[in-house]
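Trainee: Provided below are the primary sequence and the corresponding predicted coordinates.
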Amino acid sequence: MATMTQPLLAETDVLVVGAGIVGLAHAAAALRRGHTVTVIDRDSRAVGASIRNFGHACVTAQSGDLLELAHIARGRWLDLASAAGFFAVSHGAVAVARTARELAVLDELAASREPGEVRLLDAEAVRDALSVPGDARISGGALLRDDLRVDPRQAVGAIAGWLSEQGVRFLWNTSYLHAGDGVVHTSRGTVRAQRTFVCVGHDLDLVHPVEAADHGIRRCGLQMARVAAPAGVAIGPAVLTGTSMLRYPAFAETAAAATLRDDFLAADPAVVEIDANVMFTQRPDGTIIVGDSHRYDATMDPFLDETTSEVLLQRVAEVLGTGPLRVVERWQGVYAHSLTGPYLVTEVADGVTAVSVTSGVGMTIALGLAERVLDERLPSLTLPSLTTSSLTKAN
């Protein structure tokens, strides 16, 4: 029986599988180093975790290695926003404290960082930053200087469009099947590539199940919503709350945070039950992205629990000092999660590297992680600035 030969779709220095933020980060980093780049994605545009989040580069709340990657990524975000022309603001983030324990966490964090990186705020200053009424129950907070935010629905598509203008070739509706010996097999044909980066997030278990299992990758499902802004509310920074102090390492590693979970179990067990991170960001159109809850499974059911949504919406309304919020949209976010580490970088075949962010901070570190991965896998040329005029076009 004769076998059919797949058509050759492209020959390229670098092939990136996945057009979410992790994949686009690798494409941009490879292009900046002077390589020809091709990106394939199974969809006709990015519709996964990269557009379903808050658009918050949560820099300051990271620590150690993640903080280093987040700072690199921050610079790349600003460069890309300037080059591609998408919305990005570097107003930082406000961490809202509503109890003495939460204030103690912020005090400790501020004392551990360089002057100005974490600036403590009194209650009035927090209310001013959030445009909320004076009777909102807020004890104080902190401005996290280095955080920034983008509109995720705009930014990811804008980066892909701009990369395409610079010569990166995008093959949409093209699924990755397997790779080896410099040949990548897809649903539409083959691609010859010197180096391939597989950046498919939680779907790594569909294409490289052994490596996904070795890293313990599973899916994290989030409930999120977009709400109409209450009258007069204009919020420049991203907003975190006490529940965020349970999740992000810079908060959680403080001595003051050691019993914070017990405080929530006693005072507000509902947020612990849904593993909430009550936070929000305002989009350019004025609507506010709010969330989120967390649940974990190998396969994520698509159904949303209305009780969970009600808890999240009520807690956000309490911070804003308003009545019930009007929901414009609801959705489920899904991202890769692992207990073995915050990200995965592993060789799955000769010349093929799988990269996944497995801790919910893809928007925060992806652009920094890609720089590190490219430095290790593709020794760098002299790197120009990330501007239209200085990038080498691939085609």
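Mentor: Looks like it arrived, so ask away.
Trainee: how about low-confidence regions in the chain?
Mentor: 1-4, 379-395 (pLDDT under 70).
Trainee: got the buried residues for stretch 61-76?
Mentor: Of the residues in stretch 61-76, 61-63, 65-67, 69-74, 76 count as buried by neighbour count, 16 or more other CB atoms under 10 Å. (Glycine included, C-beta is placed from N, CA and C.)
Trainee: inside strands: which ones of these?
Mentor: Judged by DSSP state E, strands contain none of the buried residues of stretch 61-76.
Trainee: wouldn't Val352 be in contact with Asp181 here?
Mentor: No: counting by CB atoms under 8 Å, Val352 stays clear of Asp181, with 10.1 Å between them.
Trainee: quick one: the strands in the stretch 151-300 of the chain?
Mentor: 169-171, 176-180, 183-186, 190-198, 218-227, 238-240, 279-282, 288-291, 295-297 (DSSP state E, counting those that start in this stretch).
Trainee: which elements pack onto the last one?
Mentor: In terms of contacts (3 or more CB pairs under 8 Å, 6 or more residues apart in numbering; DSSP states H and E), strand 295-297 is packed against strand 218-227.
Trainee: quick one on the thing from earlier: buried deepest among the strands of the stretch 151-300 of the chain, which one?
Mentor: Scoring those by mean neighbour count under mean count of other CB atoms under 10 Å gives strand 238-240 as the most buried, with a mean of 27.
Trainee: on that earlier part again, the more surrounded of Val352 and Asp181?
Mentor: Val352 (21 against 9; other CB atoms under 10 Å).
Trainee: tell me what that one is bridged to.
Mentor: Applying DSSP bridges to Val352 yields these beta-bridge partners: Thr196, Ala349.
Trainee: can I get the buried residues of stretch 61-76 in JSON lines with distance to Ala125?
Mentor: Formatted as JSON lines, these follow (distance: CB to CB, whole Å):
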{"residue": "Ala61", "distance to Ala125": "19"}
{"residue": "Gln62", "distance to Ala125": "24"}
{"residue": "Ser63", "distance to Ala125": "25"}
{"residue": "Asp65", "distance to Ala125": "32"}
{"residue": "Leu66", "distance to Ala125": "28"}
{"residue": "Leu67", "distance to Ala125": "25"}
{"residue": "Leu69", "distance to Ala125": "30"}
{"residue": "Ala70", "distance to Ala125": "25"}
{"residue": "His71", "distance to Ala125": "25"}
{"residue": "Ile72", "distance to Ala125": "30"}
{"residue": "Ala73", "distance to Ala125": "28"}
{"residue": "Arg74", "distance to Ala125": "24"}
{"residue": "Arg76", "distance to Ala125": "30"}
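Trainee: what is the nearest of the residues you listed to Asp375?
Mentor: Within the buried residues of stretch 61-76, the smallest distance to Asp375 is 10.6 Å, found for Ile72 (CB to CB).
Trainee: the nearest residue to that closest one once chain neighbours are set aside - how many residues pack around it?
Mentor: Leaving aside its sequence neighbours, Ile72 sits nearest to Gly368 (CB to CB, 6 or more residues apart in numbering; 3.4 Å). Using other CB under 10 Å, Gly368 has 26 other residues around it.
Trainee: ok but Gly368 is inside a helix, no?
Mentor: Yes: assigned with DSSP: H, G, I helix; E, B strand; the rest coil, Gly368 falls within a helix.
Trainee: enumerate every residue touching it.
Mentor: Applying CB atoms under 8 Å, 6 or more residues apart in numbering to Gly368 gives the contacts 68-74, 76.
Trainee: state the pair within the residues you listed that is farthest apart.
Mentor: Across the contacts of Gly368, no pair lies farther apart than Glu68 and Arg76, at 13.3 Å, counting by CB to CB.
Trainee: pull out the buried positions in stretch 231-238.
Mentor: 233, 235-238.
Trainee: OK, contacts around Val316?
Mentor: Neighbours of Val316 in contact, by CB under 8 Å, 6+ apart: 227, 278, 280, 288, 290, 325.
Trainee: nearest to Leu130, of the residues you listed?
Mentor: Among the contacts of Val316, Phe280 lies closest to Leu130 (CB to CB), at 9.5 Å.
Trainee: what pairs with the closest one across the strands?
Mentor: Going by DSSP bridges, Phe280 forms beta bridges with Val239, Val290.
Trainee: doesn't Ile289 make contact with it?
Mentor: Yes: counting by CB under 8 Å, Phe280 does reach Ile289; the two are 6.2 Å apart.
Trainee: which residues are in contact with each of those two?
Mentor: By CB under 8 Å, 6+ apart, Phe280 and Ile289 have these common neighbours: Phe54.
Trainee: OK, contacts around the nearest residue in space to Asp214 that is not next to it in sequence?
Mentor: Among residues not flanking Asp214 along the chain, Thr346 sits closest, at 7.9 Å (CB to CB, 6+ apart). Thr346 is in contact with 211, 214-215, 353-354, counting by CB under 8 Å, 6+ apart.
Trainee: repeat for Val150
Mentor: Val150 touches 55, 57, 77, 81, 86-88, 363, counting by CB under 8 Å, 6+ apart.
Trainee: tell me the most packed of those, by neighbour count.
Mentor: That'd be Ala57 among those, by other CB under 10 Å, with 30 neighbours.
Trainee: surely that one meets Ala155?
Mentor: No: Ala57 lies out of contact with Ala155 (CB under 8 Å); the separation is 10.3 Å.
Trainee: give me the contacts around stretch 242-249.
Mentor: 58, 61-64, 66, 95-99, 101-102, 105, 240, 251-252, 257, 260-261, 264, 271, 276-279, 315.
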